[in-house]
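Chemist: Sequence plus predicted model, see below.
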Amino acid sequence: MDERITRLNERPVAPGQAVVYWMQRSQRSSSNLALNEAVERANELRQPVVCYFGLDDSYPQTTARDYRFVLEGLQDVAQGLRERNVRLVVRREQTVQGIARLAGELKASLIVTDESHLRLGRRRRKQAALLLEDFDIPLWSVDNDVVVPVRVIGREQYAARTIRPRLHRLRDQYLHPIPNPSAVAAPPQVESAVDLKNLDGTLAVLQVDRRLERSALYVGGERAAQQTLERFVTELLVRYHTHRNDASVDVTSNLSPYFHFGHMDPWTAALTVGRADVPREAKESFLEELLVRRELASNFTFYNEQYDTLAGLPEWARATLQEHASDEREQVYTLTELAEARTGDDLWNASQQELLLTGSMHGWVRMYWGKRILEWTRTPATALSHTLHLNNLYALDGRDPVSFANILWCYGKHDRPWPRRPIFGTVRSMTRSGANRKFDVARYIGRIDALKEVNSQA
DNA sequence: ATCGGCTCGCGCAA
DNA sequence: TGCGCGAAGCCGAT
């Protein structure tokens, strides 16, 4: 357990009146190791637990759709925390200032938060640790959203094949059901400024980008996440290993938005799939995605500060893209043309429509989507910046480590060289003819058109 | 439908 | 120092 906890300032547990769980990434009331740490320490101290969430509408590259998903999630959190005797406080403010103020109000003994594997999140936690140090309040973070803590792996991994044996060796040690202990002391009365029961009213006052209001597919929250997992396991998992790259008959889990906001945790997903009555290959294929690929992504963003630039790539990839940077492009599209799904490739347009409508994209198609943008922009640096912009703004799992790793993979990260081609150099290419060979493209496009139809009538 | 060649560098055996 | 092998490919040959 200790390698999961980082003491972000040097203060010992203070003689205060409550323990605060500062909820950030892990927006769930169960299977939450940071919340559990807060509850256990509070119970030792015979103090109550308060869970704080700062709803900050100045978060970059977000839309109303993201906030709706978050608020739906907080409705489930409120109910789940009541059952664990923990008070939820949600206030509309910048979360670093908010946690410092609440810590003073409550005379907190200790604040526990969940780990971030990204620059912005880690910077925020550092700032808070410094503010709280002045009040003599300790801040701890718990590596709460990966099965094997990133610090146990210890350094950046070159590829899936290097992290895979390490994760498999450590799996039995870390993959167990997470308990949900309750706080013993009665929670204090604290003002919670955001009304979660009136979701539309709360959304209406936020100063957010309203171009996207809701997803045609996803409802946020732990309950929806659990239902999505159960449907995946009972209906889709049996064909996962044979059809996961066939976008025309989507058998993927659709869990990535829930993982991004912490509505689902990797222990519940892995253990539920492990118990399923399906062929071994199906389970292994999913666990490869969930454990190896997902945790490789967190390893990447945690240990490589350059996770969103070409500088994050291995040397061979950077060199070969540079070498081919001035290759002739048959088509060049602007960011607006891409965002509005107005290219000459109907498969690509459908994938962008899927992103706009639902907030996510089929796994294989997502790679194709990223690789094609490289062909349609003047330089790899422009391609990457366009791709990151579209993904951050429109995907519900934008700004997730998995998103950054997936996008950099399109430029050679965690991959190997392949035969030389225009623009790509020795980075692996993906073509429309390849997609046609691989699955029924017209059927995928039809599926997205139908979604568009239903959505425009609603 | 399946296979080989294309290409590079890590990790482990030696 | 050598060798096996790797996220989702492509193309052409069988």
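Modeler: Now that the structure is in, tell me what you want to look at.
Chemist: Which strand or helix spans residue A:20?
Modeler: Assigned by DSSP states H and E, residue A:20 belongs to strand A:18-22.
Chemist: I figured residue A:143 hits residue A:113, correct?
Modeler: No: proximity of residue A:143 to residue A:113 does not meet the contact threshold set by C-beta atoms under 8 Å, at 11.0 Å. (Each C-beta comes from the backbone N, C-alpha and C, glycine too.)
Chemist: okay, the two: which has more neighbours?
Modeler: Between residue A:143 and residue A:113, counting by other C-beta atoms under 10 Å, residue A:113 is the more crowded of the two (30 against 23).
Chemist: buried sites along stretch A:447-458?
Modeler: Neighbour-count burial for stretch A:447-458 flags A:447-448, A:451-452, A:455 (criterion: 16 or more other C-beta atoms under 10 Å).
Chemist: Could you save the residues you listed as TSV and add columns showing pLDDT and distance to DNA strand B?
Modeler: Output for the buried residues of stretch A:447-458, formatted as TSV (pLDDT from 0 to 100; distance: C-beta to the nearest atom of the strand, whole Å):
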residue	pLDDT	distance to DNA strand B
A:447	94	22
A:448	96	25
A:451	92	29
A:452	89	31
A:455	82	35
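Chemist: Could you check how many residues crowd around residue A:200?
Modeler: By other C-beta under 10 Å, the residues close to residue A:200 number 8.
Chemist: quick check, it in a strand?
Modeler: No: Residue A:200 is assigned helix when assessed by DSSP: H, G, I helix; E, B strand; the rest coil, not a strand.
Chemist: Return the mean pLDDT over stretch A:207-226, rounded to an integer.
Modeler: For stretch A:207-226, mean pLDDT rounds to 97.
Chemist: Please apply the same query to stretch A:18-33.
Modeler: Averaging pLDDT along stretch A:18-33 gives 98.
Chemist: So residue A:190 lies in a strand, does it not?
Modeler: No: Residue A:190 sits outside any strand when classified using three-state DSSP, being coil.
Chemist: was I right about it contacting residue A:105?
Modeler: Yes: at 7.2 Å, residue A:190 counts as touching residue A:105 under the criterion of C-beta under 8 Å.
Chemist: Please say which of these two ends up with more neighbours.
Modeler: Per other C-beta under 10 Å, whichever of residue A:190 and residue A:105 has more neighbours is residue A:190, with 17 against 14.
Chemist: ok, now how distant is that one from DNA strand B?
Modeler: Residue A:190 sits 48 Å away from DNA strand B, going by C-beta to the nearest atom of the strand, to the nearest Å.
Chemist: Residue A:380 reaches residue A:410, doesn't it?
Modeler: No: with contact defined as C-beta under 8 Å, residue A:380 does not count as touching residue A:410 (10.0 Å).
Chemist: neighbours of residue A:314, just the number please.
Modeler: Applying other C-beta under 10 Å, I find that residue A:314 has 16 neighbouring residues.
Chemist: low-confidence ranges in chain A?
Modeler: For chain A, the stretches flagged by pLDDT under 70 are A:1, A:458.
Chemist: For it, what lies in contact range of DNA strand B?
Modeler: Residues of chain A lying close to DNA strand B (C-beta under 7 Å from any atom of the strand) are A:157-159, A:162, A:165, A:314-316, A:416-420, A:426.
Chemist: Turn those residues into a markdown table, columns for secondary structure.
Modeler: Compiled in a markdown table, the residues of chain A next to DNA strand B are given as follows (three-state DSSP):
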| residue | secondary structure |
| --- | --- |
| A:157 | coil |
| A:158 | coil |
| A:159 | coil |
| A:162 | helix |
| A:165 | helix |
| A:314 | coil |
| A:315 | helix |
| A:316 | helix |
| A:416 | coil |
| A:417 | coil |
| A:418 | coil |
| A:419 | coil |
| A:420 | coil |
| A:426 | coil |
